[in-house]
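K.L.:
got a sequence here, can you model it:
(one chain, ligands or ions: 1)
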Amino acid sequence: MIYQRVALIGLGLIASSMAHAMRAHGLAGEIVGHARSVETRAVARDLFCDRVCETAAEAVKGADLVVLAVPVGAMGEIAAEIGPHLKPGAVVTDVGSVKQAVVDAVAPHIPPGVHFIPGHPLAGTEYSGPRSGFATLFQNRWWLLTPLPETDPVEIARLRKLLEAMGANVDEMDVARHDLVLAVVSHTPHLIAYTMVGVADHMRRVSQQEVIKYSASGFRDFTRIAASDPTMWRDVFLTNKDAVLDILGRFAEELFTLQRAIRMGDGEHLHAYFTRTRAIRRGIIEAGQDTAAPDFGRSAPAKEG
Ligand code: NAP
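P.N.:
From the prediction side, this is the model:
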């Protein structure tokens, strides 16, 4: 056991997966949960929480580890509520997909003597809610911690031990760096997927039936990503605005270059470009972050979030 009492605030995909993983490996003495709806709390009590509470303030009382697993836009409000009820010496972490906005919203509410260690598991699926979690979600996935310079290394090491025991590979990163890297590898690709699915939806010359019937040719992966939780992704774009706009600007420039190459019949440019991008895909497979299987690992539910 690594923490005696763990409080999960928000009981969706990430929190329920953490609870299943902690239970599977005996990592927590007691798992207490809170979510805003009665329905979610009831499901959590049945499936993975030892106890659920009607308020977040009540749930964190006496907890050694508090995990904020609500959408990024709700973190500040929750932190303000729980701040006065945190146990001295407790660790507070979060799993939000954006880090600077969470640090700005949460840190002011953390009392002295409580350790705040922001984090982000790069693991997820397009499903959400308390029934969607599973114990192996974090297996061989990265979990980035963005501790502030003054954070106690002993507490970082303890949290790291918990995450590694749940199967994750842990890295530490600076907050701003995290938001830029995630804008490249996750946030902007999601926006592009949303856009492509939107384009297909608006097309009049290709019928809906044709889009669905022949979707295996690349489009299916876009629809899977574009099915991700709307609240979570709205908050990601509203809170990682600068980094996403930076990457989107570069994306638009590259897109224009490719558009021009197609218009001008510049096959050499297209071939050289696609050769470079192919090498990146190979690098991802070599790093063990995806499979070379012809179904692109679609049978494995994990993807970054
Ligand atoms: P989810 O499945 O949609 O669950 C969200 C949970 O938060 C629900 O239990 C919801 O309660 C609760 N909640 C929302 N607003 C609340 C509020 N104001 N007060 C109390 N509870 C509230 O979400 P998730 O996918 O687990 O994501 C949680 C966090 O993890 C987000 O910050 C997200 O950015 C991050 N993350 C997600 C992924 C991914 O791929 N899904 C990956 C990495 C990180 P109700 O059910 O009662 O509404």
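K.L.:
show me what counts as buried in the longest helix that the chain contains.
P.N.:
Assignment by DSSP state H gives helix 241-264 as the longest helix of the chain. Under the neighbour-count criterion of 16 or more other Cβ atoms under 10 Å, helix 241-264 has 243, 244, 247, 248, 251, 261 buried. For every residue, glycine as well, the C-beta is placed using N, CA and C.
K.L.:
pLDDT averaged over it - what is it?
P.N.:
Averaged across helix 241-264, the pLDDT comes to 96.
K.L.:
can you dump the C-alpha atoms of that helix in CSV for me?
P.N.:
Extracted in CSV, the C-alpha atoms of helix 241-264 (Å, rounded to 0.1, in the frame of the first residue of the first chain):
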residue,chain,number,x,y,z
LYS,A,241,-5.2,28.7,-26.3
ASP,A,242,-1.7,30.1,-27.0
ALA,A,243,0.1,26.9,-27.7
VAL,A,244,-2.8,25.5,-29.8
LEU,A,245,-3.0,28.7,-31.9
ASP,A,246,0.8,28.6,-32.4
ILE,A,247,0.7,25.0,-33.7
LEU,A,248,-2.5,25.6,-35.7
GLY,A,249,-0.8,28.6,-37.5
ARG,A,250,2.2,26.4,-38.5
PHE,A,251,-0.3,23.6,-39.5
ALA,A,252,-2.1,26.1,-41.8
GLU,A,253,1.2,27.1,-43.4
GLU,A,254,2.2,23.5,-44.1
LEU,A,255,-1.2,22.7,-45.4
PHE,A,256,-1.0,25.6,-47.9
THR,A,257,2.4,24.4,-49.1
LEU,A,258,1.0,20.9,-49.7
GLN,A,259,-2.1,22.4,-51.3
ARG,A,260,0.2,24.3,-53.7
ALA,A,261,2.3,21.2,-54.5
ILE,A,262,-0.9,19.3,-55.4
ARG,A,263,-2.1,22.2,-57.6
MET,A,264,1.3,22.5,-59.3
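K.L.:
does the ligand sit close to stretch 19-26?
P.N.:
No. Stretch 19-26 stays clear of the ligand (Cβ under 6 Å from any ligand atom), getting no nearer than 11.2 Å.
K.L.:
what mean pLDDT does that stretch have?
P.N.:
Here stretch 19-26 scores 98 as its mean pLDDT.
K.L.:
quick revisit: could the buried residues of helix 241-264 be laid out in a markdown table, adding distance to residue 195?
P.N.:
Shown next, in a markdown table, are the buried residues of helix 241-264 (distance: Cβ to Cβ, whole Å):
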| residue | distance to residue 195 |
| --- | --- |
| 243 | 18 |
| 244 | 13 |
| 247 | 14 |
| 248 | 10 |
| 251 | 10 |
| 261 | 21 |
